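Asker: My questions concern the predicted model and sequence given below.
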Amino acid sequence: MNNNKMPMQVWILTLAAFAIGTAEFVIAGILPQIAQSLSITEGQAGYLISAYALAIVFGGPILTIYLARFNKKAVLASLMVLFIFGNLMSAFAVNYHVLMWSRVITGLVQGPFYGIGAVVATSLVSEKLAGRAVGQMFAGLTLANVLGVPGGTWIGLEFGWHVTFLVVAGFGLVAMVFILSGIQSTGHGETKSSAMQLKAFKNPMLLMSLVITVFAWSGFMTLYGYIAPIAMHVTGFSEDAVTWILVVVGVGLIVGNTLGGRSSDHNLQKASIFWVIAMIASLVLVGLAVNNQWLFVVAAFVFGVASFANVPAMQLRVMNHGGDGQELAATANISAFNLANAFGGVLGGVVIDSQVGAGMIPFAAIVVPVIGLGLILFANRRENHFSAVSQA
């Protein structure tokens, strides 16, 4: 094991995370086009975000428990087959209901893939690089937002949103080929039994960590899922300009993910507090900047940095309390992220279809993360107390 470099297998997981992340977030760029094409409101189109997220919330842990008995390489490859099928279904969807079901099918993949993948990634590196390994895998998500989402948005503008989903299915095929050729069938440790994994959830600190993710993360998708209509209807950007705004946000996500991974390895508790406060502040900044195009772009970049810096800290906190149920705990945290995303999709949809309009979405996004900050402060005190007692 090389303690200074990420193994190639982690990079393969990054590639798969890129494909899955593109599928999840590309809806943010093509949401106005889907709404117009299917003759629905942008709020209704936004509920496609919630459908995808809820599939992860409920399907992820169930699938992980079932799949835990199988070889990890076969599991990861099979999940990519389901991913390809779901995106092909989206590409050929003829109405809103078919598209909704296709998003549910695609969403079933993300929880178990990220959960199992995160455990595989940390098992391939030394303990001091665990945060960076998780951050490296989730860098696929940030790259999806720099390349995949803007690219998918551009494809949707030029060729139609159906073609966007065809291209995403192609990414999934490439990722599956690399998994089959590069991920080892053995060497990731023995999977714990389902009963043993479920016992880990008796740990109140694990449950607290999952609740923290739900509350603290909820502000992200509330804003990000509706950034295209905000930019177009409030700030006054053209449809074409949305692609470049998404690139700017995506670059911020890469910076944030890197900073978050390093700061979490340095001091997880301080990183958790700092980055949630930063995300709340960035939402305020975006809300204040919606009427100025240049300020809006700068604020969107800051939002990207502050938001994704939270991801490694939240995932590592859960895995630290996962005990013998690390895989299921890691997957449950993906469900927690997406429960927050589902709530964000609904909240943003309600606000954008209401009298107050899209300009109030950044401020609506603040409320729940503030509660999450309070929970982090409480959890840190509990952890410090247990640590002091154990050392006494």
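Answerer: Happy to help now that I have it.

Asker: Only C-alpha atoms from now on, for both contacts and neighbour counts.
Answerer: Noted.

Asker: Point to the helix or strand of the chain where mean pLDDT is at its lowest.
Answerer: helix 194-199 (a mean of 74; mean pLDDT, DSSP states H and E).

Asker: Surely residue 305 and residue 255 touch.
Answerer: Yes - with contact defined as C-alpha atoms under 8 Å, residue 305 reaches residue 255; the gap is 5.8 Å.

Asker: Pick out whichever of these two has more residues nearby.
Answerer: Set residue 305 next to residue 255 and count neighbours by other C-alpha atoms under 10 Å: residue 305 wins out with 27 against 20.

Asker: Would you mind giving me the confidence score for the more buried one?
Answerer: We note a pLDDT of 95 for residue 305 in this prediction.

Asker: just residue 381 next, same as before
Answerer: 90.

Asker: same for whichever strand or helix holds it, what does it pack against?
Answerer: According to DSSP states H and E, residue 381 maps onto helix 367-391. Here helix 367-391 touches helix 204-224, helix 268-289, going by 3 or more C-alpha pairs under 8 Å, 6 or more residues apart in numbering; DSSP states H and E.

Asker: Please identify the buried residues of the shortest one?
Answerer: Right, helix 204-224. Under the neighbour-count criterion of 16 or more other C-alpha atoms under 10 Å, helix 204-224 has 205-224 buried.

Asker: following it, which helix or strand shows up next?
Answerer: Next helix or strand after helix 204-224 toward the C-terminus (DSSP H and E): helix 227-229.

Asker: now the helix or strand following that next one: mean pLDDT?
Answerer: Next along the chain after helix 227-229, taking DSSP H and E as the criterion, comes helix 239-266. When pLDDT is averaged along helix 239-266, the result is 88.

Asker: ok so, going back, got TSV for the helices and strands packed on helix 367-391, with distance to residue 68 too?
Answerer: Shown next, in TSV, are these (distance: least, C-alpha to C-alpha, whole Å):
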stretch	distance to residue 68
helix 204-224	20
helix 268-289	28
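
Asker: who wins for proximity to residue 348 among these?
Answerer: Checking the helices and strands packed on helix 367-391 against residue 348 by C-alpha to C-alpha gives helix 204-224 as the closest, at 5.0 Å.

Asker: mind listing the helices for the stretch 1-150 of the chain?
Answerer: Secondary structure of the stretch 1-150 of the chain by DSSP state H, counting those that start in this stretch: the helices cover 8-25, 27-38, 42-67, 72-91, 96-123, 130-143, 149-159.

Asker: So for the helix or strand just after the last one, what gets flagged as buried?
Answerer: Next in sequence after helix 149-159, counting helices and strands by DSSP H and E, comes helix 161-182. Neighbour-count burial for helix 161-182, counted by 16+ other C-alpha under 10 Å, picks out 161-173, 175-176, 178-179, 182.

Asker: CA atoms only for helix 161-182 - export them in PDB, please.
Answerer: C-alpha atoms of helix 161-182 as PDB (Å, rounded to 0.1, in the frame of the first residue of the first chain):
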ATOM      1  CA  TRP A 161     -33.000  16.800 -22.900                       C
ATOM      2  CA  HIS A 162     -33.700  13.200 -24.000                       C
ATOM      3  CA  VAL A 163     -30.200  13.100 -25.500                       C
ATOM      4  CA  THR A 164     -28.700  14.300 -22.200                       C
ATOM      5  CA  PHE A 165     -29.900  11.100 -20.600                       C
ATOM      6  CA  LEU A 166     -28.600   8.900 -23.400                       C
ATOM      7  CA  VAL A 167     -25.100  10.400 -22.900                       C
ATOM      8  CA  VAL A 168     -25.400   9.800 -19.100                       C
ATOM      9  CA  ALA A 169     -26.200   6.200 -19.800                       C
ATOM     10  CA  GLY A 170     -23.000   6.100 -21.900                       C
ATOM     11  CA  PHE A 171     -21.000   7.400 -19.000                       C
ATOM     12  CA  GLY A 172     -22.500   4.500 -16.900                       C
ATOM     13  CA  LEU A 173     -21.300   2.000 -19.500                       C
ATOM     14  CA  VAL A 174     -17.800   3.300 -19.500                       C
ATOM     15  CA  ALA A 175     -17.700   3.200 -15.700                       C
ATOM     16  CA  MET A 176     -19.000  -0.400 -15.700                       C
ATOM     17  CA  VAL A 177     -16.300  -1.500 -18.000                       C
ATOM     18  CA  PHE A 178     -13.600   0.000 -15.800                       C
ATOM     19  CA  ILE A 179     -15.100  -1.600 -12.700                       C
ATOM     20  CA  LEU A 180     -15.100  -5.000 -14.300                       C
ATOM     21  CA  SER A 181     -11.500  -4.600 -15.500                       C
ATOM     22  CA  GLY A 182     -10.000  -2.700 -12.500                       C
END
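
Asker: and that helix, average pLDDT?
Answerer: 91.

Asker: Report the angle between it and helix 8-25.
Answerer: Orientation of helix 161-182 against helix 8-25 (axes from the mean of the first three to the mean of the last three C-alpha atoms, to 10 degrees) gives an angle of 160 degrees.
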